[in-house]
Each structure stands twice: as C-alpha cells, then as structure tokens.
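Undergrad: Take this sequence and fold it.
(chains A and B)
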Amino acid sequence: MSPLPGVGVDEVTMIASEIFTALVDHRTALLTPWPDGPVAVTDPVHAWVDLSTEPSSRVQLMTGAETAADLTRAFLRMDATEPVQEADLVDAFGEMANVFGGNIKALLARHVEITLPQVSRQPPSDAGAVQLLEVPLAWRGHQPGLPHRPLVISLWRI
Amino acid sequence: MRALVIDDSRTMRHIVADILEELGFSTTQAGNGREALDLLEAGETYDLACIDWNMPVMDGFEFVAAVHARPEWRDLTLIMVTTEGELGQIVRALTAGAHEYVIKPFTSDAIASKLQLLGLLPAGEPI
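TA: So this is what the prediction gives:
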C-alpha cells in the first residue's frame, strides 16, 4: 500500500503548476506536461524532503544544473544574465522541494512531519527505496524556439 | 510600517520581503525564530511578523508562542507563511497566537488581502 494514498499524477501536476505560477513564473503558466519521448537531464541536481508517513516517503525534484540556475533567477527575480551563486541555487531549489512536500503532505488524511529540504548533485542513496510515481514536466517548454527544460518530480517509499 | 520576515530560506525571505516592500513596508529578515526573538529582545519594534513554520533552531510555532507570552509584544501582528496547509496545523497556529496564515505557494494578492483583513493595509485599496 502506498504511504501517499490519493497522491497521483494529477495531484502532483496541479501542485507543480500552482507553485510555478505563483512563485516562479509570476502568474504565467509556463509548466507543461513533458511531451512524448525520453527525458534527458544534463548535470542533474536533486532536491528532496522526507515525510513521516508509514512507511516513510520522499518527495524528490530533479532538473539540470542550468535549469536549476534559471529557476533560481526566476524565483529571486534576477536578471537573465546575472550569475547565480551555488548557495542561492541550493536554497531556491530546496525551498521548491519544501513547498512541494508541504502541499503533498496537506493531501494526506493524517498529520505527518516533514524534514528540512536537502539538495545534492547526487540522488539520495537509500537501499530499498521504491519509486511510487514519476511525473516529468517541461518548464517553458511550450515557447516556440526554446528547448524543453525537464523537471522530474518523483515520489518514493523509503 | 515595519515588518519582520522570518524564514530559514533566503529565497522565501527575499520573495516575502519584496512583496511587503511593494506594499509600503520596511523589512528586516531573520533566519529562524531565535534570531527574530533576539531582535525583539534587543528592543526592535515591528508592526508585522511573517513567519515560516518549519525552521531549524526555533520553529514558527515556538516563536509565536514566545511572542504571545510577552505582554509587551502583544501589538505585533503575526502571520504564518507556511506550507502547513492541514486544518489541524492552521488551528494550532491560530490557537498559539498567530493572527492569520498564508499557505505557500502564495501570490502577492494573497498577502495583501490578509493585511487588509488585519487592518495593516487600507481596506478597498487596489492590490
């Protein structure tokens, strides 16, 4: 049985859309479902929070380093050419995982605790972790002339 | 009007402070409840505190309870800005002394409307 009952692709996609519309793209919906085809993430960055469900679960975000930097610029309303410090990238992408996890948590019937977010160039290493769901999305992917920017959201039983 | 923005995320502090400054507040930032309490105990005064819930060192609930326990700080308006969207957690925050709450992700309109409800922005003013 999933530790995250009632949390499916639709719920994950809706939460992602709300977060990006409110905090990243400032009222413009620029996050779309990933089009058909494989998702290739270059130089991946991972951010995650864990939930004290029974058994424990994880909400994990992954994107490429270049996209994570652009997300940070959008989050912090920086100029498109402004250099992004690693600390800002870690903080912004981690906060995105935190907001994401909090909204997943709010869908659960009983109270659970959420950890502070972690961000790493390496995926979390938990032997026995089982992926429950993976939702690939494209950020700013529908704008003509721009390549799809993958953001992969996954839920895990850990 | 002076506002204290309390969040362990620099990103979120930046976003909330930007919104408040656009609404006419001057802002000070603190990375957790303990840092914020230190400012208050040093004699700094604020009209509003926007507080994250889930923070290291001292979380938002502990900060709200600490402020509520000090009569001299009763005029400080407390808004929880949090991902804690569960009804039970919201009730817990309000019971501890928070005056309002805003759930992340939020828009500037959401914060402005809460400030209008609390009388910190003129009612009916375009947001």
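
Undergrad: When you work out contacts or count neighbours from here on, use the C-alpha atoms and nothing else.
TA: Will do.

Undergrad: Can you pull out the low-pLDDT segments for chain A?
TA: The model of chain A has pLDDT under 70 over residues A:141-146.

Undergrad: A helix includes residue B:79, no?
TA: No - counting by DSSP: H, G, I helix; E, B strand; the rest coil, one finds residue B:79 to be strand, located in no helix.

Undergrad: what about the longest helix along chain A, near chain B?
TA: For chain A, the helix with the greatest residue count under DSSP state H is helix A:86-105. Yes - against chain B, helix A:86-105 shows contacts by C-alpha under 8 Å from any C-alpha of the partner chain at A:88, A:91, A:92, A:95, A:98, A:99, A:102, A:103, A:105.

Undergrad: what's that helix packed up against?
TA: On a contact count with 3 or more C-alpha pairs under 8 Å, 6 or more residues apart in numbering or on different chains; DSSP states H and E, helix A:86-105 meets helix A:9-19, strand A:44-51, strand A:57-64, helix A:65-75, strand A:118-120, helix B:10-22.

Undergrad: what comes up buried for stretch B:35-49?
TA: B:35, B:36, B:37, B:39, B:46, B:48, B:49 (16 or more other C-alpha atoms under 10 Å in any protein chain shown).

Undergrad: Inside helices: which ones of those residues?
TA: Members of the buried residues of stretch B:35-49 lying in helices (criterion: DSSP H): B:35, B:36, B:37, B:39.

Undergrad: What's the separation between the residue most central in space within chain A and residue B:77?
TA: Centroid check for chain A by C-alpha atoms, centre = their mean gives residue A:61 as the closest residue, at 3.3 Å. Applying C-alpha to C-alpha, to the nearest Å, the value for residue A:61 to residue B:77 is 35 Å.

Undergrad: One more: residue B:48?
TA: Per C-alpha to C-alpha, residue B:48 is found 5 Å from residue B:77.

Undergrad: cool, residue B:22 as well?
TA: Counting by C-alpha to C-alpha, the gap from residue B:22 to residue B:77 is 19 Å.
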